[in-house]
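Chemist: no letters, just coordinates:
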């Protein structure tokens, strides 16, 4: 079993499937000194509202990505809704698995 896990990890890594999905790149030195808030803006003091806005009301909220861990295609808004509304919301959503199968 250990050998199978090691082989799967090697295959995943060989396809460029590192934790971040590709090589890490640096930015401009000015951006480094601005810190995260200089790039993203100050966080919302209302944590619940801030998380909802970040996941549901940004231009990239519906951009689909595929997780490297389970091969499931999803987006930030869907993840937020699943976490906050659970099964009630999931009943109307399709999930695409890494093998292309669609579960409704």
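Modeler: Okay, I see it. Values in this document were obtained by computation on a predicted structure and should not be read as measured data.
Chemist: for residue 62, give its distance to residue 54.
Modeler: To residue 54, residue 62 is 13 Å away according to CB to CB, to the nearest Å. In short, each C-beta sits where N, CA and C put it, glycine included.
Chemist: cool, residue 76 as well?
Modeler: For residue 76, the distance to residue 54 - CB to CB - is 8 Å.
Chemist: and if you look at residue 29?
Modeler: For residue 29, the distance to residue 54 - CB to CB - is 27 Å.
Chemist: cool, and residue 40?
Modeler: 9 Å.
Chemist: who has more neighbours, the two?
Modeler: residue 54 (15 against 10; other CB atoms under 10 Å).
Chemist: other residues contacting the helix or strand hosting the more buried one?
Modeler: Assessed by DSSP states H and E, residue 54 sits inside helix 47-56. Outside helix 47-56, the residues that touch it by CB atoms under 8 Å, 6 or more residues apart in numbering are 43-44, 61, 76-77, 79-81, 84.
Chemist: may I ask which two of those residues are separated the most?
Modeler: 43 and 81 (21.4 Å; CB to CB).
Chemist: joint contacts of residue 62 and residue 54?
Modeler: residue 76.
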